[in-house]
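In: Need a 3D model of the following:
(2 chains)
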Amino acid sequence: MPELKRTALYELHGELGAKMVPFAGYEMPVQYPLGVMKEHLHTRDAAGLFDVSHMGQVILRGTDAASQLEALVPANMIGLGENRQRYGLFTNDEGGILDDLMIANRGDHLFLVVNAACKDADIAHMRANLTCAVDVVDDRSLLALQGPAAEAVLADIVPSVAAMRFMDVIVTDSAFGDLWISRSGYTGEDGFEVSVAEGQAVALARALLANDDVEPVGLGARDSLRLEAGLCLYGNDIDTGTSPVEAGLSWSIQKVRRNGGDRAGGFPGAERIVSELENGADRRRVGLAPEGRAPMRDGTPLFDSETAVEPIGHVTSGAFGPTVERPVSMGYVPAAMADTGTRLYGEVRGKRLPVTVTALPFIPANFKR
Amino acid sequence: MKFTEEHEWLRADGDVYVVGITEYAAEQLGDVVFVELPEDGSDVKKDDEIVVIESVKVASDIKAPLDGTIVAVNDKLGDAPALVNEDPLGEGWFFKMRIDDASAVEALMDEAAYKAMIS
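Out: Reported below is the predicted structural model:
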């Protein structure tokens, strides 16, 4: 096994008592002494601090970076306002998803944040297909501060964040050097993602943790938070075998890139994706609420009756939701069975347990629009 | 009290044994959210997977420590699985069993041997 990489916060995680696990080639904290359940609840009640430095940070330079990126991402990149951020997808020629990412327009360049497990492939993909400069940012850490107290906590250090709205981005000087801040995250809560020079990352993390409202939160709670929020985990809920329409991510493809739009198509897999946007997909990602307390985890086969032989789909993410206090899952089912309220069965340890198709997210989003 | 390599404890209660998991095991599992117990009255063989524990992140099986018969299960765990974390050696017990060969219990680890194993 290749040696695991460490983030600039590695020693701080140890000091905080984190249990470390291998994740996407990094040694990352899965939980701290508080435990997954309480870390999750604390994030929804106050604020959680996450080390997401394993994710890839990339800058695209050049005046036509946005129009070039539209050849790889089915989203309105040209129309993305300055100091605004948008969610997007890298698609492949078959209409599958290579990765999901955040794209920020920072005036003379675009700033991208991509998944850790995909970053090398994403960078190679961009370098092979774009003529603009693709600069990998490898000397900055990335922290996420998430939860209803996040604004007040971060505003103590950077007062201007209080004026930001969901998906705004700023670049600002601070006591911890220049910070690249977006008002976004992946927990369903209000919050921020902060890119900070590696040499300042520990000091910034300590300053945030000094606030009584902030607890460090590991990958375990990050997963249950994003699942309750109905957000996709790349590699589980979306991958090269799922299309954006199947995945319920059509909202990330703005009108201008659809049939009848000024820049319709023109991205990998456009033929399939544009057609599915018009006609629907054969299967859909749905929320699933298992009855009882037994979680239905990823890989659980789904059936349309207690006796059916052939599964109709399967669970792609599933866990116990600490905030909703019941198990929550997501998975793919045929379009005809995707209506809310449809009763299905998941096979857990040889038993068919009832599960109901339900609306996503499981908890209302708490963004500052 | 006796211990197994699977991190179970057995405590004599009259002519049967109460079985649960150790504090060490409960801590390793993390927050328990679901426990599936064997059927009361069922006959079990050593190493049969008779209890399923789900924590927030993972599902784990607990094996029967020895051959015997389940004579009671802790129904409280259905609504309050967190008892396994809060009081693993007390209120968080899983089941009571009658053991076919009581002398086999004596061959299990004592507390000192178990502590040596996990240290």
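In: any idea which element the residue nearest to the spatial centre of chain B lies in?
Out: Nearest to the mean C-alpha position of chain B, counting by C-alpha atoms, centre = their mean, stands B:Gly20 at 2.8 Å. Following DSSP states H and E, one finds B:Gly20 within strand B:16-21.
In: Would you mind listing what in chain B touches chain A?
Out: B:30-31, B:33-34, B:36, B:52, B:54-57, B:59, B:78, B:81 (C-beta under 8 Å from any C-beta of the partner chain). From N, CA and C alone the C-beta is placed, and that goes for glycine too.
In: Mark which of those residues are part of strands, please.
Out: Secondary structure from DSSP state E places B:Val33, B:Phe34, B:Glu36, B:Val52, B:Glu54, B:Ser55, B:Ala59 of the residues of chain B next to chain A in strands.
In: what's the closest of those residues to A:Phe111?
Out: Closest approach to A:Phe111 among these (C-beta to C-beta): B:Ser55, at 37.1 Å.
In: Relative to B:Arg98, how far out is the residue of the stretch 1-150 of chain A found nearest chain B?
Out: Using C-beta to the nearest C-beta, the closest approach of the stretch 1-150 of chain A to chain B is made by A:Met37 at 3.9 Å. Using C-beta to C-beta, to the nearest Å, we find A:Met37 at a distance of 35 Å from B:Arg98.
In: Please identify which of the two sits among more neighbours.
Out: It is A:Met37, of A:Met37 and B:Arg98, that has more neighbours when counted by other C-beta atoms under 10 Å in any protein chain shown, with 23 against 14.
In: That one belongs to a helix?
Out: Yes. The assignment for A:Met37 is a helix, going by DSSP: H, G, I helix; E, B strand; the rest coil.
In: doesn't B:Lys57 make contact with it?
Out: No. A:Met37 is not in contact with B:Lys57 according to C-beta atoms under 8 Å; the separation is 10.2 Å.
In: show me where pLDDT drops low in chain B?
Out: Chain B contains no residues with pLDDT under 70.
In: ranges for the helices of it?
Out: Assigned by DSSP state H, chain B shows helices spanning B:23-29, B:76-79, B:83-86, B:103-106, B:111-118.
In: which other helices and strands contact the third one?
Out: The reference is to helix B:83-86. Counting contacts by 3 or more C-beta pairs under 8 Å, 6 or more residues apart in numbering or on different chains; DSSP states H and E, helix B:83-86 packs against helix B:23-29, strand B:32-36, helix B:76-79.
In: quick one: contacts for B:His7?
Out: Residues counted as contacts of B:His7 (C-beta atoms under 8 Å, 6 or more residues apart in numbering or on different chains) are B:Ile21, B:Thr22, B:Tyr24, B:Ala25, B:Gln28, B:Ile118.
In: For stretch A:176-184, give me every contacting residue.
Out: A:85, A:102, A:104, A:106, A:111, A:140, A:154, A:157-158, A:161, A:164-173, A:190-197, A:199-200, A:203-204, A:207, A:368.
In: Dump the C-alpha coordinates for it into PDB.
Out: Extracted C-alpha coordinates of stretch A:176-184, given in PDB (Å, rounded to 0.1, in the frame of the first residue of the first chain):
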ATOM      1  CA  PHE A 176      -3.900  34.100   9.500                       C
ATOM      2  CA  GLY A 177      -2.700  35.400   6.200                       C
ATOM      3  CA  ASP A 178      -5.000  35.600   3.200                       C
ATOM      4  CA  LEU A 179      -8.100  33.400   3.400                       C
ATOM      5  CA  TRP A 180     -10.200  32.200   0.500                       C
ATOM      6  CA  ILE A 181     -13.700  31.800   2.000                       C
ATOM      7  CA  SER A 182     -16.900  30.500   0.500                       C
ATOM      8  CA  ARG A 183     -20.300  30.400   2.300                       C
ATOM      9  CA  SER A 184     -21.000  26.800   1.600                       C
END
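In: per-residue confidence at the closest residue to A:Leu69 other than its chain neighbours?
Out: Nearest non-adjacent residue to A:Leu69, counting by C-beta to C-beta, 6 or more residues apart in numbering or on different chains: A:Met77, 4.8 Å away. pLDDT recorded at A:Met77 is 98.
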